[in-house]
Every structure is written in C-alpha cells, then in structure tokens.
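Q: Sequence plus predicted model, see below.
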Protein chains: 2
Amino acid sequence: MKAVPNRYRVRFENLDRESTCLEGETVFQSARRAGVRIVGACGGRGVCGTCMVRVLEDEVDAASGSRTPRERKWQRSCELHPGGDCWVEVAPRSVARVVRTEVDERDAHAIAPDSAVRLHEVVLEPATLASARADGDRMIEALRPSGVRRLDLAALRKLPALLRKNDWRVRAVCLGEEAIAFAAPGRPALGLAVDLGTTNCAGYLLDLESGALLGRLGIENPQASYGADLVSRMNFAITSPEQREELRQAATTAVNELARSLCEAVGAAPEEIVDVAICGNTAMHHLLLGLPVRQLGRAPYVPAVCQVIDVRARDLDLACAPGASAHLMPNVGGFVGGDHVAALLATEARWRDTTALVLDIGTNTEISLAHAGELLTASCPSGPALEGGHISSGMRAAEGAIEQVFLENGRIAVKAIGDEEAVGLCGSGVVDAMAVLVQAGIADRGGRLNPARPEVRDRDGTREALLVPGVTFTQADVRSVQLAKAAIRSGIDLLLREAGIDERMLTRVIIAGAFGSYIRVESAVAIGLLPSLPLERFEQVGNAAGLGVRMALLRSDLRARAEQIARTCRYQQLGALPGFQKVFLSRIGF
Amino acid sequence: MKAVPNRYRVRFENLDRESTCLEGETVFQSARRAGVRIVGACGGRGVCGTCMVRVLEDEVDAASGSRTPRERKWQRSCELHPGGDCWVEVAPRSVARVVRTEVDERDAHAIAPDSAVRLHEVVLEPATLASARADGDRMIEALRPSGVRRLDLAALRKLPALLRKNDWRVRAVCLGEEAIAFAAPGRPALGLAVDLGTTNCAGYLLDLESGALLGRLGIENPQASYGADLVSRMNFAITSPEQREELRQAATTAVNELARSLCEAVGAAPEEIVDVAICGNTAMHHLLLGLPVRQLGRAPYVPAVCQVIDVRARDLDLACAPGASAHLMPNVGGFVGGDHVAALLATEARWRDTTALVLDIGTNTEISLAHAGELLTASCPSGPALEGGHISSGMRAAEGAIEQVFLENGRIAVKAIGDEEAVGLCGSGVVDAMAVLVQAGIADRGGRLNPARPEVRDRDGTREALLVPGVTFTQADVRSVQLAKAAIRSGIDLLLREAGIDERMLTRVIIAGAFGSYIRVESAVAIGLLPSLPLERFEQVGNAAGLGVRMALLRSDLRARAEQIARTCRYQQLGALPGFQKVFLSRIGF
C-alpha cells in the first residue's frame, strides 16, 4: 500500500532546472508543467523534432556507480519516458528563446509611478529586560503616523530576526492599514506585472519606486501540455477538483517562473516582489484563481466573477512576498477578460472620443467598438489557425518559421525568422500565405485550391499547395483560415450593426496583441479578415495588454480607471444576436 | 534517490482514526501528533502502561493474504515501532476520556451573542444567455445594501456550484465589507472557541446566532510529544524552520481535532465554522501562528507580537471555512498570554473595583493583582509539579489518579478518581499529599522527610513516604513542590510589594484554571502556596480562560474589552525586580 505513485526527478543540466516526472509522463510534458523552457513547436505530438534532449546519466548509471555515461543519442523529449531519476541535456537549438513579446514603448514612458504600496524605513530601540515589549507592537506604533494599524502574519514572522540582524533597522512595505512585508534597509521594492495568455505569458519586473522596467520575459504557458486551446483545458478542469487544481498549479508555475527568472536576472529574490498585477482572459483568470469553470464552459457561459479581485499572493501560492497583494484585472464577460481591459486601458488615448475598433487577435479574438462614448465588446472564437495552430505546417514563431509570404515575379517567395531555412509557418506567415494563394488565383474566391495550378497537388487524398520545398498549405488549412477570418470579420460586422454605423466611419482600427503586431495588414485586408479601409487608419500597437497591466501595477488611479472601462463595456454574446449565422456565412469566402 | 523517507499508515480501528508514522517513531508518538486520543500518563516514557494497543493486522498479514491475524498481545504503544502500515486496536482503558474541563457556567448565561459575523439569505435570478452576468458580481450587488463590497476568494470558489445546486438561493456569511463563506440556506453558522493550553486544549462549539453552546471537548495538546514543557518545545522550534513548522502543525492539529470532533457530534462539517477565537499562553500563541520563538525563549524574552491578531483561518491551515477569521486574543508579555487575558475578561466583574488577585496555576502561573483601577501582571515558572508532572507517582487526572489525600484517624487516606484503585497522584492530590505530610509531621518545615516515621523508607538511595500501597511521595517530589509553591507565592509577594499593599487587603483571590478548580484551598494555604486569608475570600472559578474566549467569540464588544484589559496590565518580569531571589528563598519552607 504505497500512498504515492512513482515520480522521477528529471534534472536539466544545462538549464540548471529540475522537474518531477510522473509515471507515464514524457520528459517534455514534465518540462512543460514545470515551466522548463524546451521548444516544442508541434506541442509534443512527436512530429517536429524541436524538443531534442539527450540523457546524460540515469539511475542505471547511478546503480552501477559509473559516472561515465553510456553513449547517448539525441532524442525527442516528447517520446522519452523516464524509468527513474535522470539527468538530461537540452539540445542548444531546443532551448526555447524568450518568446517575442515586443512591447510598444511609445506609451510606456508616460507611466509615472503612484503605487498604493508605501515604503518606510523604521528604526527601533534595542529590546532590553527592562523594556521587552513585543517587536510587532513597537513596529505598529512606529508606523501608526503613516496610517498602519496591522501587520500581515507572514511579514510578522520575519520581523524579529530581521530587526536583530539589521541593528533594529528595517524597511516596512505598507499597503493601506497594513504592513505587508519587511526587508533589510535599502532593498528594492519590486512589482511584477503579468499578461497570462493562453499560449504565451509575458512578465515585467518593475521598480515600484522609480517605475523603471527592470526586465521583461515571455514564456510558454505550462498549461499548454493540457491542451493548446482553452476548451480542452476547461474540459480537463471540469473532470475533477484535482484536475482543476493541476491546472491552477500550472498557471501558478507560469507566474512563478517569470518571477524567478526576472528576479534572478537583476540579482533580487522573488520575495522582494511586493505587488503583483495580472491580466488574462476569463478562463485563464479563473484557472489561476482556482475558480470553477464548469458554468463558464457551457451555455450560458457565466463567469464566477468579473469584478476586480485583490488577494494575498500566498493565497495563489505565488513565489513573492507572501503578504503582497495580487491584483487581478477585471473581466468583461465569459469570453472577454482582463487582458482585453488592459489593452483598452493602454490604448485609451487612441480610441476615446472617436469611433474606433480595438482588436486583440488570437485563438479568441476580443473586439471592442468605441463609438459615441460607449464601448461594445464581444469575443469571436477564431481558433488557433491565425497563430499557426492546427495548420499542417504550422509552428510557433521560432527560428525557421515563415513569417512573410509574397509574390516575386509571379512566384511564391518566403522569409523565415532568423533567415533560416523555412520549416513551417507561424501566424503572420499563415495570413500572408492565404492572401498570396488568393491573389495568385491558386485558391478561388470560395477557398478551393485549384488543381490545375502547378503549385497544387494531391497527396494521400489531401490537396495541398506547395509554398516552398517542404512547406505546404492544405485545403484543410484554407478552411481553417476561412473559419477564423469569418469569425472575426462577422464579429466586427455585428458590433457595427449593433452601434448602427458603417465600417467606413471607423477612424482607427487598433490591432493589439503579439500576433497582431506581426501580420501584414494588407494581407489581412486582402483575405477579408479586416475591413477594407485606408491603411493609415490601422495601428499595430503590440502587446497592449502587457502595457496595460504594467500601468495597473504602477498606478492605483489606473486600476480604478480599468475598472471603469470594464464596467463601461457592453458585453455582446455574438451567438445570441439575431442573424449571427447569416452574417458569419457571408464572410466565409474571399 | 528517494525524496520521501518511509512513512507508515497506522489505523486505529476502534477509534476510526488514522495517523502517519514516520520511520523510527512509535505508534504513541504518531498518535499524539495526529491528535488520536490515547492515554499516556507518563508521556510515552514506557513506565506507566496506560497507552496499551494491540496490532490487529499489518503488512505481513496483507502480504500473506491472510485476514486472520496471528495472535497479538497487548503492548505499550510507546514501545511499538511499526515496520509497515498497520491496524491497531486501542485498549478500552487506554482510550483517553475527554479531559476534565468543567467550565464554570455561572457567568456563561450572560453572553448574549453580538458577533461581527452577519448572515444573509440571498436569492438570485437564474442565469440565461441573455443575462449571463457573473455570479460573484450579482452576489455583491445583492449584498451591497448590507455593506458588502468584496467576496473572499475561497468563498467565491464554492459559489457557482452552490447557487446552481440550491436553486439560486444561498446563505452568505459576511464580516465587515466581505462575504467570507457561502452555505446552503438554513445551515447553521458555527463558531469555535479554543483555549490552547500547554498540556490540554479545550474547545467549545457555539451557534453564532443563538449563542448556544453546542458542545465542548478537551484533548491533550499533540505538541506534548515534543516535550511536556514550553521550554523544551521552544528549544525544539528554535533548531530549524522545519522543526518550528512541525510544532506549528501540531498546534494546528489540536484545533482541527477539536473542530472535527465537535462538529461530528452535532452532525455538522468543520467547514461550517465561520468564526474562530483562540487564546493561549504567549509561546503557544506564537507556535500556532508560526511566529519565531527564539527571541521569546531567551533574555530579554521579547514576544514577536502581543496585540490582537486576526487572520484568515486558511492562513493557519484550520479545518473550517477557509475565509473565516481566526481571532487570537492579545498577549500581555513574554510569559503572560491571551489565556490569562481571557481569564481576566471572564472574571472582570469579580476583580473590578476591588483589590483582588487572579491566578491561573499551571506550569507557568499567571498572576494579576487588581488594585486601585490598575492591573499588575506577572508570570511565575512554577513547573509541572503542581499538575502531577515530574512527580515520581504523578499522572494525569485520569481514572485511578488520587485527587484527594487526607488524615483519617491520624492515618493517611486517599480518594481516587472514579473510585478506582489508586495508581498515582494528579495535581490536586499532590498539593493534598504535601499538606498532609507537613501536617502529620512526616515532612518537617524545611521539607525533609523524617526517616523516623513509619511511612518513610529509603529505597535504592531514594527517601520516600508511602501514601497508599504502590503510591509514594519522594524527597525529590517534596523539593519540586517547594520550588513550585515558592515561585507562586513569591510572585504574589512581589506584586503586592510593587502595589505597596499588604496581602490582608486582598478582598478576593480568584483561582482560575482546570487545576485550580480541583485543589483544596485549605491544603494550598497550609503549604504556603496561597496567602493565609479567610477561606471565603477564595473563589475557584474553573476554566475562566475557556469562558473568556467563548465571550470573545460571541461578542465583538468583548474582544475590544479584552484588548483594553491587556493594555491595562502592567507586565512585570519578576526576575528583574530587586530582591527577587531573597523573597523566593523566604518562601521555600513550609
């Protein structure tokens, strides 16, 4: 009767990281769960060969006492099932680079910090037998002029040793009526802002006093091993409280991995993070908070909560000061979350007082239409195709991914990231490819690949167009792109209709999001994903959600503003609007 | 490379409980840690034979497939080291009865509940596609007229399923601006009051609406396996953070075991406890809160905190509603804790506006002298002797323990609990025995046992007086009692001296505490433990701390009053007072 199933320790030597591998799990899955950064373009399906590792030593070696490993071959980590503890090396090309999360910095300099977190240096008299009053009581007394009335328990636990180690001098970090952390004098007060995306998570480390950005990092969401899309993850979470807890922990791992790596880079400890702001879509928000998603995943798609949630960092098991507050930006509705609110906050100067669209294109595409002082907001289930997911040659935006497709002297030409040999298509490449296939007449207006064209062939019952040697675009890929672009475009149509205006009245189309910053607007317009407007009306603003959550981290007034924006949004369930199906079908063709 | 050391499951069949036994641990230790109630009069030293168990089946049986156990003998659980999972039966006489924690009920009826916890029945409209607003947002809206602005995260996690299961009707439990728990309509709102003593822990389950006492229970403190006295436990805790954490968990186990058993008895779940009030001495308070005790255990004996601490129940891992508040009554100083404040609160009507002593006699004896509107408070290290600890024939107040010793026709006579055959001495028996030995001249004024007396003999180099066959009182026992009573009496002397008054000015001597309710005052006066005053000035009020913590649980105004009382106390470190040693020595003799 063993209470615990077999678990093996996997040590990633060259990354200086470890993970725990459950029996039956692959090294890839275990790495993903632990937030160890291995590339895995195909998501662990054993087809891309971008997750290579080799075993340096395992329990067999340890048992034989030999420190000289037997000859080891590079192999796919998604096909390697450890049978005991092992040490592996990740192939240099399989060490995931930091994901591209370029933030538009044009607005960033405008954030003058005005955090609700306050810092006070306190000096106490040393305790003596004649004056042995409690450390905490004296600390509260010293902080009372600053409005402090209570000490957080976790902060208090550290106070006695800290006082005695630093000559009765400490730095108190206070929030409202409470001292939430203590530190040695002069240590920084750090803040962490996180945009918790379904696929990628972006983290920003800031100095709360100066507002300076100390570092940024993007990592893959460790929940990816439970399914690329939110529906799979929600279904997994619904199965049992234990599974929901597993996904919660995976989300926590994402935040903690960002905290750990970002702090390490600046020589700080994650415990020095004393304020956290997080945005994410409603499902990610719920999974991180451990909220139930059953009622969110099925009609009528009801969130557990949309309002701002402020909790203790320790209530989310975050690896920062346990008394720190974690601020979750408010959601708008079941499929429009705090990440969209953050994007609206960051881009407010661009859409306020005008008629404008704000889009964040992804697996779910959130759209807000600003018009006449109002915001109409909806989400379109655009699927992963536009990000390169579920596309036969699709891959993440890594080296070798085609990011541009164009016609050169009537022939298809491509540009791959890192100017490497092309091995697949990332999101912007997918949109480009589709536009080129339509422009060149290789696909017709209905989306059918033309078998008469030399680029088109039938193989194993699959019709496909060859873009470059080794990279094809299948008929099924075309259909996926059609569904995605129809979902987005019909969403735009329906919001415009609800507001009673024509698309030509849009003075601005603000495209937010990592993917949105890389697509060529001409291609998106060409395939009908975006309205046909003069190109200068489009603005690609990058990861606006990341900027918005940084703004919320640094300034309490902007947190309040984000709440107002969320409340202003009139959330539309597109599927419940009359004529939804008809509008959608009208946008399928090119 | 196994990460986890061997742990075995020990199932106590007839108690329907389980514990985890670490390698090297005895079944007794494991039971104590888990709060499984096995008698162990000698504390697991293998001398008393009151912790008997027999193994019903173990892994050896399981492996052989035999369900018929081999012949098993009763054996001491403190000498049984499992080598695998096992099933044991606790001997009926070794199942610990509920410890005697008789509460003086004279004052109890006076508590009219006025808790800060408020209950609201809320009915929401069912969610529809057209109206799919978040559950939590609508709940806050419904509760806003009652001043609620936020939902606790743990409460929110349960809300969606609860709403849908109960036809959109729930009971909200609110505290201040927050809803801290949700329950099915009509479920009770329970409160738990705990007096966390060094040796015994008393728990009281109350209905917060009516104030009714639903149950009470006393259990041994599971920390006992780490040392009978606080100094041993503090030394254990100081060694490493892991060991401090172990003691914290043991304290938590005490509270949770009380919550579990008390709720089970009334058919409720511990999660229905929505408010908790706890009192204990400063060290127990610190250990439960996970506060450091290093600075408390050595001069100048500085507490981490004395002020009231209100934390979330989940921050202490308490098995009640995770959003519930746990209120820790304030401490007075390093050796006078919230239990004494609770006793002062419960007995205030008796000491206010007069000159009175309030004593809680135990391993540490807390004394407050009320005089002229002031409270002088001190603690005396009286040791365990007066509770039967470290006394050669000492035992807990269980069946067979001598609770009275008297002279009958010039011969020593005794009365044992349960009118059983006498096997040892509990606290009240110790004081009685000492008084009888002095009165009968068996011990002289200096405490020396008179070898000329027929009751006195020398055995194995130890001089001892025979009380009844099998129960003796040694010269060392006499010395222990002398030290204990001198500590208490000199404490009283010093407080009287600080206040500038004579003991004859005391109009009342209020003796609180479980031990204090059983001693015969005449005996305590006879040995000089208590001042020689007319007997009608003494009041034995039972577990006043237990009553006080119940008062604090039920009424927020009394929590505030307890804070005022704690602040009024002028804490005296007796050892730092001039002439301490001289006064102490003057009280050694009889």
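A: It's in.

Q: Looking at chain A, which residue reaches furthest from the middle?
A: Ranked by distance from the centre of chain A (Cα atoms, centre = their mean), the top residue is residue A:130, with 56.2 Å.

Q: can you tell me which residues contact the closest residue to chain B within the stretch 351-500 of chain A?
A: Nearest residue of the stretch 351-500 of chain A to chain B, counting by Cβ to the nearest Cβ: residue A:379, 12.4 Å away. Quick note: C-beta positions are derived from backbone N, CA and C, even for glycine. Listed by Cβ atoms under 8 Å, 6 or more residues apart in numbering or on different chains, the contact set of residue A:379 reads A:333, A:334, A:335, A:336, A:364, A:365, A:366, A:367, A:491, A:574.

Q: Secondary structure element holding it?
A: Using DSSP states H and E, residue A:379 sits in strand A:374-380.

Q: how near is residue A:188 to chain B?
A: Counting by Cβ to the nearest Cβ, to the nearest Å, the gap from residue A:188 to chain B is 25 Å.

Q: could you pull out the helices for the stretch 101-250 of chain A?
A: Using DSSP state H, counting those that start in this stretch, the helices found in the stretch 101-250 of chain A span residues A:135-143, A:153-165, A:230-239, A:241-265.

Q: ranking these by mean pLDDT, which is last?
A: Set side by side, the helices of the stretch 101-250 of chain A give their lowest mean pLDDT on helix A:230-239, at a mean of 91.

Q: Any part of that one near chain B?
A: No: using Cβ under 8 Å from any Cβ of the partner chain, helix A:230-239 stays clear of chain B, coming no nearer than 11.2 Å.

Q: coming back round to it: excluding its backbone neighbours, what's nearest the residue of the stretch 351-500 of chain A closest to chain B?
A: Of all residues not flanking residue A:379 in the chain, residue A:335 sits nearest, at 3.5 Å (Cβ to Cβ, 6 or more residues apart in numbering or on different chains).

Q: Looks like that neighbour contacts residue A:364 (just checking).
A: Yes: here residue A:335 reaches residue A:364: they are 5.8 Å apart, a contact under Cβ atoms under 8 Å.

Q: any shared contact partners between the two?
A: A:281, A:379, A:381.

Q: Just after the helix or strand of chain A with the lowest mean pLDDT, pick out the following helix or strand.
A: For chain A, using mean pLDDT, DSSP states H and E, the weakest element among its helices and strands is helix A:59-64, scoring a mean of 61. As assigned by DSSP H and E, the chain's next helix or strand after helix A:59-64 is strand A:75-76.

Q: For the strand holding residue A:379, which residues meet the burial criterion?
A: Judged by neighbour count (16 or more other Cβ atoms under 10 Å in any protein chain shown), strand A:374-380 contains these buried residues: A:375, A:376, A:377, A:378, A:379, A:380.

Q: that's a helix at residue A:458, yeah?
A: No: Residue A:458: not assigned to a helix; according to DSSP: H, G, I helix; E, B strand; the rest coil it is strand.

Q: Does it have any beta-bridge partners, and if so which?
A: residue A:463 (DSSP bridges).

Q: all strands for the stretch 51-200 of chain A, in order.
A: Assigned by DSSP state E, counting those that start in this stretch, the stretch 51-200 of chain A shows strands spanning A:52-58, A:75-76, A:86-90, A:117-123, A:150-151, A:169-175, A:178-183, A:190-196, A:200-207.

Q: List the strands paired with the longest one, with their directions.
A: It refers to strand A:200-207. In the sheet, strand A:200-207 lines up with strand A:190-196 (antiparallel), strand A:213-220 (antiparallel) (DSSP bridges).

Q: what's the answer for the second one, then?
A: Each strand that pairs with strand A:75-76, with its direction, by DSSP bridges: strand A:52-58 (antiparallel).

Q: next one: the fifth one
A: Strand A:150-151 sits in its sheet next to strand A:178-183 (parallel), going by DSSP bridges.

Q: in the stretch 301-450 of chain A, what residue is nearest chain B?
A: residue A:305 (3.2 Å).

Q: who are the neighbours in contact with the nearest residue to that residue once chain neighbours are set aside?
A: Spatially, and ignoring its direct neighbours in sequence, residue A:305 is nearest to residue B:136 (3.2 Å; Cβ to Cβ, 6+ apart). If you count contacts by Cβ under 8 Å, 6+ apart, residue B:136 has them with A:303, A:304, A:305, A:306, A:307, B:151, B:156, B:159.

Q: Can you flag the buried ones in those?
A: With burial judged by 16+ other Cβ under 10 Å, the buried subset of the contacts of residue B:136 is A:303, A:304, A:305, A:306, A:307, B:151, B:156, B:159.

Q: Turn these into JSON lines, columns for distance to residue A:434.
A: Output for the buried ones among the contacts of residue B:136, formatted as JSON lines (distance: Cβ to Cβ, whole Å):
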{"residue": "A:303", "distance to residue A:434": "34"}
{"residue": "A:304", "distance to residue A:434": "38"}
{"residue": "A:305", "distance to residue A:434": "39"}
{"residue": "A:306", "distance to residue A:434": "35"}
{"residue": "A:307", "distance to residue A:434": "40"}
{"residue": "B:151", "distance to residue A:434": "45"}
{"residue": "B:156", "distance to residue A:434": "43"}
{"residue": "B:159", "distance to residue A:434": "44"}
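
Q: Now flag whichever of the residues you listed is closest to residue A:140.
A: Nearest to residue A:140 out of these is residue B:151 (Cβ to Cβ; 28.2 Å).

Q: The closest one against residue B:177, yeah?
A: No: between residue B:151 and residue B:177 there is no contact under Cβ under 8 Å: 10.3 Å.

Q: re earlier: quick one: which of the contacts of residue B:136 is nearest to residue B:123?
A: Here the nearest of the contacts of residue B:136 to residue B:123, counting by Cβ to Cβ, is residue B:159; it sits at 13.6 Å.
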